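J.: Got a predicted model here, sequence first, then my questions.
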Amino acid sequence: METVFSQYAWAIPTIPLLAFLVLTALGRQIKGAASLLGLLSSLAALVLSVLVLTERWSPDAEVYSHSIDWVNLGEVTLRVGYELTNLNVLMLIVVTIVSTLVNLYAKGYMEGDDRQHVFFAYIALFTSSMLGLVVSPNLLQLYMFWELVGACSFLLIGFWYDRPAARAAAKKAFIVTRIGDVGLLIAILLLFWQMPDHSLDFSVIQTVFQSGDSLAQHGITAGIATWIASLIFIGAMGKSGQFPLHTWLPDAMEGPTPISALIHAATMVAAGVYLVARTFSIFHVSPTAMAIVAGIGGFTAIFAATIGLAQRDIKRILAYSTVSQLGYMMMALGLGAVTAGVFHLFTHAFFKALLFLGAGSVIHAVHTQDIFQMGGLGRKMKVTTWTFAIGAMALSGIPPFSGFWSKDAILAAAWEQDHKLLFVIGVLAAFFTAFYMARLFFVAFTGKPADDQIYQQAHESPSSMTIPLVVLAVLALIAGFVYTPFNGQFGIWLTGEPAEDHANVLVMIISVAAGVCGVLLGYVLYRPGQSQRVDKLEQAAAPLFRVLERKYYIDELYNWLIVRPLRVIGKGLDIIDRYVVDGLVRFISAFVDGWGRTSTRVQNGQLQTYGIVSLFGFVALVLLMLALGRGFW
Amino acid sequence: MVGQISSIPWLSLLTFSPLLGVLILLLIPKERVFAIRTIGIVTTFISLIIAVVIYAGYDASKQGNTLLEKFDWISIPLNLDVAKGIQSWTLDIPYHLALDGLSLPLVVMTTIVAAMSALASVSIRKRQKTYFILLLLLEVGMLGVFMARDLFLFFAFFEWTLVPTFFLIGIWGLANRERAANHFLLYNGLGSALMFVAFAILVATAGFDQITDTSGAVKFVYSGDLYTIVNHLQSSGAAANLGHSPFFLSEGWRMGTFVLLLIAFGIKLPLFPFHTWMLKVHAEAPTPVVMLHSGVLLKMGAYGLIQFGMVLLPQQLADWATVLAVLGIINILYGAILAFVQTEFRLVLAYSSISHMGFVLFGIAAMNEIGLQGAVMQMVSHGFISALFFLLVGSLSERTGTTRLDELGGLAKRIPFISALLLIAGLASLGLPGLSGFPAELFSLLGLYGNLPWAATIGAFGVILSAVYVLRGVLAITFGPIAAHHQQLKDARLVEAVPAIVLTACIVLIGLFPSLVTAPVEYGVSHIIDMFKVGG
Amino acid sequence: MSTMLASFLTLAAILFCIGLYGVLTKRSAVIVLLSIELMLNAVNLNLVAFSKYGVVPSLKGQVFSLFNIAIAAAEAAVGVAILIALYRNRGTANVDEYDDLRR
């Protein structure tokens, strides 16, 4: 196959990088055009990505790879470059589509902010880093961009830096993901010394970890493979907000909403899933690691979904939903269903970005994030409401929306593999998801306005914000048809493996039932026409609700177990440093001082004393020479 | 060691170029402050240009492309055993400078930081003439340290740096300057004393050489020439076989010497528990001096450990690799945890230097090329980063009168330029890819993992802690609500902005293209690594 | 011959020691100056003795001792002059109170 565009794939991350540089250098001058520049750069990347995709329609399209030397270290050469596989071209498409739409949306959302050039510069840098991450041909380059997207996320969460909450959230996001990153870093160190020729290329990893034989041939034991896989997964956990490293993601909602849509819903947080999928061959050889991934993923899915039940902040509900859905994807990967996991990543990117942008549109209109202060917005914000409804239904797994197909694929995988526990967890999580989305939708968009003043100022957002909503709604509607039980080509295209036969009618029925029950329950409890000030769920089970509302007290737990002890240790060491270690310095300086003081006393200015001292010295020298038995010269 | 002797004495030219400025400054009356500043700054730039010319001419592809300058300097006759018919027996101190791949990046870094520090010295408000003379003298000493290849000459330059630094801290520092200068001098003097003992042992045992000149007369020479000593130590006992050497450096003596060197350079590095002197210097010295101190002077310890400890006593270093790695871990974690609880930003940075120097120890303990590259990279990178940090800290305290974290906040609003660079310095310091801290830490860890995986794994947690303390410090200053009395602050002037931008550019360049450093270093360290390979 | 030398040298040594004792212990500056003269003369005695009974006898030693006497005279003159100046300045000739080296 001709690869005309593939050889220019390096430009995909480079174009937004250039936009970033221009915006940084000239941002203040071009102010208004900043959003346009950001939009154009994303659009260019999107167009190029689509062109690359057209060259890769065939499932057996060859991996296109190109690298140059980055640095030489003795016998080792570290390389950078880009690589195109079907998996990462899919990611390119997702990232560039969402990025383009978010750029367009942000033009309306950030209107009037006097630092919007900075905002668009950060977005361009993020887009560039994310695309660079996706096309990385080796683990080290991926790690570099991995850190960079983390830094961009940090900058954007802290975009409104004068808010203490934003400062705390940004710091937390960086540090918690850093914990995961260290896992990935150690995995890289381990791989570097285990792999033939210190190679960290994905293609080499794939060859080496292909089978037990090739592993044994390179002297890698099963135990080491498990370690590597687990460490990589720790990295993925940090980025993708898996329990117990999930705490940063809900707090990250302090950032501007377009950012939540782009980074904390569609792209960066999915990087963990992408990483596991990209290095899946390592996981594949280790059943232990697979069990860990599936277990953590499943637990996170249900854990975050229950927290989502009790939140009042519209963005936090969506954030916990993101954590939960990422858990779903991890669970799929842990079950070995790479296609299902990546497919859910694909659909989730669209409908979750849609939901966040919809939430942004609402916040833009009413300036509050508490859903119990909204109410009845459906009448004033038609486009937002309808698109939000589509997103909510996709997330809840109602057919024929995209979320249904991908969630069904994951549940089917659990069923096929006879993983009863994970299947039940998946169904329960789906039920909770549908319930909290229904709660959110009915409370915020239907019924009587909770607060007249807020209701009065509500208005539909400008077209630059509604167009992305509509586009994403369409995508949320149709994206699922890529991979239905009746059409398995996607699986062959993506992973080269034949489509699993996941047309399981029973699973489908259970899945739909879970979704519909959730929505119905939500309707019953929060249906229009009731007073919207009171949370029915809270009335029903107050103690349990409190635990959920406080997120199982995980933050408090970390504070008591990690942050405070660290501070106490630090203070203790500080005292030791000041009085014990520094004592050494003080002792030496006191010693020299004392010595000096003593010797001044000897210097009394009396010439005769000096003379006597010299005399005795001379005599002593003479005696010494005599005693040694040597001559005087 | 293959070297080439150029017709132009580039190295002496570079080392002593600041003296030219000193001479001119001596002739200028002290009231003409502008002229004094200009000459001081221009002189440092001349050195910078010479260094860059040398760097550009350095062909990394040719192994052993080392600039070399050597001639006899001091020769002290020793009246040993004249009676036995030996005509000449002397202690020689040759003037021996060389610039190999290991020194080159450090020399270039030194000249850049010195030039930026001279620019930042515009903020000095009293006795500018003396100040600039001392600053230039300090530069001579620093450059000499990185190029001297004779033990005595190295020692002389090492000591040379103490004197100007002492006065620079003691006269132009903050409130407790005299105490800080005093501690600085005493403690470093102690380190130098230990270093001198170690050097004396080495010279007395391995520095012995027998030279037959053209007329056939045999000369017996003790000298501190590095390469002579290396050869003799390597071909262990060769000197003893000559039959004239009174000593032979036994394993026990070698170990003792190594420990002396480790402590001597460890004090400078600084190594836990010898680090507290440096906190006072960081807290009290004037900004440009801290830039030089933290940026360059601390690196002399690490450099000495590699160029003398590692080269002279490789076997001992190999035996002690675990100890070095443990010391590295202690430095990394101890520094990081203490940086986390400080409320004075200067002290946060001081402890972060301790933490970062742990990675240098890691790179040395790795005993392979990647690790050593990482160590040198970390030295260069940290030189730039801490120079940038302290430059900005100086600008901050000039504006706000404080660098206490609890008194600052939200400055990004009023002084966005300084705040942005502070953030970049912070991100570089915590090892963000694309900035110089990342390749440095990565290479150190990669290298150490090949030798001592458990140590590298523990050390990697320092990466988390560095994020914790850097963000705590930097965000406390730049983010959050701004205090009312800071509303009127003005952003950086041109003279502050230029050095800040130059340093940032260096950090970014090295971060993106680490081969700028690694390529020359590769040939500087390959012979060191070969020693380990031969030694097993 | 050697016995002659020995007795001269012994006398000179005794003289020198007395002089040294005086220099180091006497409180009066005048006595200190006198003691210095004593030490110089001990040296002169040595020189003369060696010039007569030494390994290679020659007149050089006697010439040297003449030099010494002249210089001792000059030294005494200068020393006493300084002493008088000091006395006028300080009002004392007590060596204990001359501790300018300390200041």
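T.: Cool, got the structure. The shown structure was predicted, so the numbers you read here are calculated from the model rather than taken from an experiment.
J.: contacting residues around residue 102?
T.: Picking chain A for this. Taking Cβ atoms under 8 Å, 6 or more residues apart in numbering or on different chains, we find residue A:102 in contact with A:123, A:258, A:259, A:261, A:262, A:353, A:357, A:468. In short, each C-beta sits where N, CA and C put it, glycine included.
J.: ah, no, chain C please
T.: Counting by Cβ under 8 Å, 6+ apart, the residues that residue C:102 touches are A:603, A:604, A:605.
J.: and if you look at residue A:83?
T.: Contacts of residue A:83 (Cβ under 8 Å, 6+ apart): A:63, A:64, A:65, A:66, A:135, A:136, A:137, A:202, A:203.
J.: Next, it: secondary structure please.
T.: Put simply, residue A:83 is strand when judged by DSSP: H, G, I helix; E, B strand; the rest coil.
J.: Just the pLDDT at it, thanks.
T.: What the model reports for residue A:83 is a pLDDT of 89.
J.: so is the closest residue to chain B within chain C in a helix, a strand, or just coil?
T.: Among the residues of chain C, residue C:55 lies closest to chain B, at 22.0 Å counting by Cβ to the nearest Cβ. When classified by three-state DSSP, residue C:55 comes out as coil.
J.: Also residue A:69?
T.: The three-state assignment at residue A:69 reads strand, by three-state DSSP.
J.: State the distance from it to residue A:81.
T.: 10 Å (Cβ to Cβ, to the nearest Å).
J.: Could you list the residues of chain C in contact with chain A?
T.: With Cβ under 8 Å from any Cβ of the partner chain as the criterion, chain C meets chain A at residues C:20, C:23, C:24, C:25, C:95, C:96, C:98, C:99, C:100, C:101, C:102, C:103.
J.: With the stretch 351-500 of chain B instead?
T.: Proximity of the stretch 351-500 of chain B to chain A (Cβ under 8 Å from any Cβ) is limited to residues B:368-370, B:373, B:410, B:412-413, B:427, B:431-434, B:438-439, B:442-443, B:445-446, B:449-450, B:453, B:456-457, B:460-461, B:463-464, B:467-468, B:471-472, B:475, B:478-482.
J.: ok so, going back, any chance of the contacts of residue C:102 in CSV, plus pLDDT, neighbour count and distance to chain B?
T.: What follows is the contacts of residue C:102, written out as CSV (pLDDT from 0 to 100; neighbours: other Cβ atoms under 10 Å in any protein chain shown; distance: Cβ to the nearest Cβ, whole Å):
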residue, pLDDT, neighbour count, distance to chain B
A:603, 77, 12, 21
A:604, 76, 14, 26
A:605, 76, 13, 26
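J.: which of those lies closest to residue B:515?
T.: residue A:603 (60.4 Å; Cβ to Cβ).
J.: From the recorded domain assignment, give the ranges for chain A.
T.: Listed by automatic domain parsing, the domain ranges of chain A are A:1-137, A:314-549, A:557-602, A:607-633.
J.: How far does the second one stretch from one end to the other?
T.: One end of domain A:314-549 to the other measures 13 Å (Cα to Cα, to the nearest Å).
J.: which residues touch residue B:415?
T.: Counted by Cβ under 8 Å, 6+ apart, residue B:415 has contacts B:399, B:489, B:490, B:491, B:492.
J.: try 7 Å this time
T.: Counting by Cβ atoms under 7 Å, 6 or more residues apart in numbering or on different chains, residue B:415 touches B:489, B:491.
J.: pLDDT wise, what is it at?
T.: 86.
J.: any chance you could read off phi and psi for it?
T.: phi -130, psi 70 (degrees, to the nearest 10).
J.: Contacts for stretch A:59-70 next, please.
T.: With contact meaning Cβ under 7 Å, 6+ apart, stretch A:59-70 is reached by A:1, A:3, A:6, A:77-86, A:137, A:203, A:492-493, A:496.
J.: Buried subset of those residues, written for PyMOL?
T.: The PyMOL selection below is limited to those of the contacts of stretch A:59-70 classed as buried (16 or more other Cβ atoms under 10 Å in any protein chain shown):
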select buried, chain A and resi 6+78+79+80+81+82+83+84+85+86+137+493
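J.: so of the contacts of stretch A:59-70, which ones are in helices?
T.: A:86, A:203, A:492, A:493 (DSSP state H).
J.: Count the residues that sit near residue A:4.
T.: 11 (other Cβ atoms under 10 Å in any protein chain shown).
J.: quick one on the thing from earlier: give the contact list for the residue of chain C closest to chain B.
T.: Residue C:55 touches nothing, counting by Cβ under 7 Å, 6+ apart.
J.: Which pLDDT value belongs to it?
T.: 81.
J.: quick one, what contacts the closest residue to chain A within the stretch 201-350 of chain B?
T.: At 3.5 Å from chain A, residue B:341 is the closest residue in the stretch 201-350 of chain B, using Cβ to the nearest Cβ. Taking Cβ under 7 Å, 6+ apart, we find residue B:341 in contact with A:567, A:570, A:571, A:574.
J.: Kindly format the C-alpha coordinates of the helix or strand where residue A:142 lies as CSV.
T.: Using DSSP states H and E, residue A:142 maps to helix A:139-157. Provided in CSV are the C-alpha atoms of helix A:139-157 (Å, rounded to 0.1, in the frame of the first residue of the first chain):
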residue,chain,number,x,y,z
LEU,A,139,8.3,3.2,25.8
LEU,A,140,10.8,5.8,26.8
GLN,A,141,9.4,8.4,24.4
LEU,A,142,6.0,7.5,25.5
TYR,A,143,7.1,8.1,29.1
MET,A,144,8.4,11.6,28.1
PHE,A,145,5.2,12.6,26.5
TRP,A,146,3.3,10.9,29.4
GLU,A,147,5.0,13.3,31.8
LEU,A,148,4.4,16.2,29.5
VAL,A,149,0.6,15.6,29.2
GLY,A,150,0.6,15.4,33.0
ALA,A,151,2.3,18.8,33.2
CYS,A,152,-0.2,20.3,30.7
SER,A,153,-3.0,18.8,32.7
PHE,A,154,-1.5,20.4,35.8
LEU,A,155,-1.1,23.8,34.2
LEU,A,156,-4.7,23.7,32.9
ILE,A,157,-6.2,22.5,36.2
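J.: could you give the angle of the helix or strand just after it to helix A:139-157?
T.: Reading on from helix A:139-157 to the C-terminus, the next helix or strand found by DSSP H and E is helix A:164-194. When axes from the mean of the first three to the mean of the last three Cα atoms, to 10 degrees is applied, the directions of helix A:164-194 and helix A:139-157 differ by 180 degrees.
J.: near chain C, which residues of chain A?
T.: When proximity is defined as Cβ under 7 Å from any Cβ of the partner chain, chain A approaches chain C at A:603, A:604, A:605, A:606, A:607, A:608, A:611, A:612, A:615.
J.: what about 10 Å?
T.: A:600, A:603-612, A:614-615 (Cβ under 10 Å from any Cβ of the partner chain).
J.: Closest one to chain C out of those, please.
T.: For the residues of chain A next to chain C, with chain C as the reference and Cβ to the nearest Cβ as the criterion, the closest is residue A:605, at 2.8 Å.
J.: related to what we said a few turns ago, wait, does the helix holding residue A:142 contact chain B?
T.: Yes. With Cβ under 10 Å from any Cβ as the criterion, chain B is reached by helix A:139-157 at A:140, A:141, A:143, A:144, A:145, A:146, A:147, A:148, A:150, A:151, A:154, A:155.
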